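K.L.:
Here is a sequence together with a model predicted from it:
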Amino acid sequence: ELFTRCLIGPDVAEDSLIRDMIVPLESQSGSTYITYSKKRTLIVRNNKRKPLESLSRYDQIFQKEGRLDNTFQVPLVVKEKVIGIFHINKLGGLKKLKRDEIKFTETLCEQLAIAVNNSYLYEQTEKAEKLAKKEYEKSEGLLLNILPKTVASELKEKGFSEPVLFENVSVLFTDFKGFTQIAEKLTPKELVKELDACFGQFDRITERYGLEKLKTIGDSYMCAGGIPKKNVT
């Protein structure tokens, strides 16, 4: 489907029907479909004498309101594909265009088609880059959530992590007393919310004291001190 991007003319700014017009690409779409399917310039004079069904839906509205006399359309083509139509409606007579004037307009439309296509490609590339960045940050976050930063960095650089021996390490396991009885009284949503609140606080404590979170299993939270960086504090 083609839809209106820009309009210039009297009362256009307030004419939402025309401004938001969408023209389907089908044989019943009159002049618009002819320009689209033939991929060449179309000039129609004396539209008022033409049956409405021979005009596009867009032209029909203009004609019904007495605002259409002539139509001049040039397809915007990129790699044999019509990506838009340069469309002019004129009331009160369209002068007979000279060959060089038509050629100039067609050349202008060729450049416009390239510009529009490049803009579209740039927009798609930008979206793809943003999506790739978002996915990278997501995977990076997941990786750092299960591995220490130094280990994650080593894995990304080398593809493996060298084993390291730590002589003195403190390991902490937590467990909620009466968790099973508490869980029976809560809905799954409430239970997850409570665990998330508790483990969120644990995360802040481990970060504050330089501990390394290892994993959570149910209501158990496991962390360690002295790894992956040796310390005596």
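P.N.:
Received it, and whenever you're ready, just let me know what you need. Numbers count the residues shown, from 1 in each chain.

K.L.:
how near is the residue of the chain positioned farthest from its centre to M222?
P.N.:
The centre of the chain is farthest from one residue, E167, which by Cα atoms, centre = their mean lies 51.3 Å away. Counting by Cβ to Cβ, to the nearest Å, the gap between E167 and M222 amounts to 20 Å. Quick note: C-beta positions are derived from backbone N, CA and C, even for glycine.

K.L.:
Also T32?
P.N.:
According to Cβ to Cβ, T32 and M222 sit 67 Å apart.

K.L.:
for Q181, same thing?
P.N.:
23 Å.

K.L.:
Neighbour count: these two, which is higher?
P.N.:
More neighbours surround M222 than the other of Q181 and M222, with 14 against 8 (other Cβ atoms under 10 Å).

K.L.:
Which positions within the particular helix or strand that has the more buried one in it qualify as buried?
P.N.:
Here M222, judged by DSSP states H and E, is contained in strand 220-225. The neighbour-count check on strand 220-225 (16 or more other Cβ atoms under 10 Å) flags 221, 223-225 as buried.

K.L.:
and if you look at stretch 134-153?
P.N.:
Neighbour-count burial for stretch 134-153 flags 147-148, 151-152 (criterion: 16+ other Cβ under 10 Å).

K.L.:
do stretch 197-217 as well
P.N.:
Across stretch 197-217, burial judged by 16+ other Cβ under 10 Å covers 202, 206, 211-214, 216.

K.L.:
Show me what the closest residue in space to L97 that isn't next to it in sequence bridges to in the sheet.
P.N.:
In this structure, L97 finds its nearest non-sequential neighbour in I43, 7.0 Å apart by Cβ to Cβ, 6 or more residues apart in numbering. Legend: beta-bridge partners of I43 under DSSP bridges are F72.

K.L.:
neighbours around I43, how many?
P.N.:
Around I43 there are 15 other residues, counting by other Cβ under 10 Å.

K.L.:
And for A113?
P.N.:
Residues contacting A113 under the criterion other Cβ under 10 Å number 21.

K.L.:
got a pLDDT number for the residue nearest the centre of the chain?
P.N.:
The residue lying closest to the centre of the chain (Cα atoms, centre = their mean) is K127, at 5.5 Å. K127 is assigned a predicted lDDT (pLDDT) of 90.

K.L.:
same for the strand or helix carrying it, what does it pack against?
P.N.:
In this assignment (DSSP H and E), K127 forms part of helix 99-146. For helix 99-146, the contact count by 3 or more Cβ pairs under 8 Å, 6 or more residues apart in numbering; DSSP states H and E identifies strand 70-78, strand 81-90, helix 149-158 as packing neighbours.

K.L.:
Could I get the ones you listed in JSON lines, plus columns for distance to F173?
P.N.:
Listed next are the helices and strands packed on helix 99-146 as JSON lines, based on distance: least, Cβ to Cβ, whole Å:
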{"stretch": "strand 70-78", "distance to F173": "64"}
{"stretch": "strand 81-90", "distance to F173": "63"}
{"stretch": "helix 149-158", "distance to F173": "21"}
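
K.L.:
most tightly surrounded among the ones you listed?
P.N.:
strand 70-78 (a mean of 21; mean count of other Cβ atoms under 10 Å).

K.L.:
export that one as CSV, just CAs?
P.N.:
Extracted C-alpha coordinates of strand 70-78, given in CSV (Å, rounded to 0.1, in the frame of the first residue of the first chain):
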residue,chain,number,x,y,z
ASN,A,70,-5.3,17.1,-13.9
THR,A,71,-2.9,14.5,-12.5
PHE,A,72,0.9,14.1,-13.0
GLN,A,73,2.6,11.1,-11.5
VAL,A,74,6.2,9.9,-11.5
PRO,A,75,7.2,6.6,-9.9
LEU,A,76,10.2,6.4,-7.5
VAL,A,77,12.0,3.3,-8.7
VAL,A,78,14.9,1.6,-7.0
